[in-house]
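[1] sequence and predicted structure, then a few things I'm wondering about:
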Amino acid sequence: MAAPRTARHRDQRGFVFPSPVVMLSIVAVAMAAIAFVATRGGEPTEREITTISVEESASPSPTASASPTGKPKPAKPPVQRAKVYVEVYNNSGITGLAGTVADRAGQAGWQVVGSDNWVGTIPASTVYFPPRLERAAKVLALDLGVERTMPAVDPMRLDRLTVILTGPLD
């Protein structure tokens, strides 16, 4: 009869991760690295709107009157609110917010052509504008109390201002 073999016991304990978990972890780390490299160094394109009181705009400033040619710049014509189309969208959980703000814009003289809900992520209430309506966007933002204006992006229409609300306005 042969001598019985003795089993060797391992003193080390360990845990082996299943292959799918390891692979998903590697993919997650790689995606995070790509996102970091792709987004670093970009400057935000947000713009702040500064309100000017009537007293400040009525008094001439020394820099406004001094121009290199000596001729004053012609004043830009005022924005004609009734000729600018405006759409108002609700991106908050407040029922009827777009309709309320659309009524407020209409009472201020803007030509409101629609209000609805917006699906997407917007960081703050914003007036979006096509390039030719930038001045009008700033006036609308002041009328409504919106602090943020941005250039319009797809799928926004480029013949009007688009207001997207993320909460109640003051």
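    The structure has been received and is ready for your questions.

[2] and residue 164, that one's in a strand?
    Yes - assessed by DSSP: H, G, I helix; E, B strand; the rest coil, residue 164 belongs to a strand.

[3] use 493 as the first number for this chain going forward.
    Okay, residue one is now 493; in that scheme the one you just asked about reads as residue 656.

[4] that one contacts residue 615, doesn't it?
    No - Residue 656 is not in contact with residue 615 according to CB atoms under 8 Å; the separation is 10.2 Å. C-beta: built from backbone N, CA, C; applies to glycine.

[5] higher neighbour count, these two?
    For residue 656 versus residue 615, neighbours defined as other CB atoms under 10 Å are more numerous around residue 656 (23 against 9).

[6] measure that one to residue 607 for me?
    Applying CB to CB, to the nearest Å, the value for residue 656 to residue 607 is 11 Å.

[7] buried set for stretch 580-587?
    580, 581, 582, 583, 584 (16 or more other CB atoms under 10 Å).

[8] and those, which is the shakiest by pLDDT?
    Least confident by pLDDT among those: that is residue 584, with 90.

[9] is that one in a helix, a strand, or coil?
    The three-state label given to residue 584 by three-state DSSP is coil.

[10] picking up where we left off before, how about the buried residues of stretch 580-587 in a markdown table, adding distance to residue 599?
    A markdown table is the format used below for these (distance: CB to CB, whole Å):
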| residue | distance to residue 599 |
| --- | --- |
| 580 | 13 |
| 581 | 19 |
| 582 | 18 |
| 583 | 22 |
| 584 | 21 |
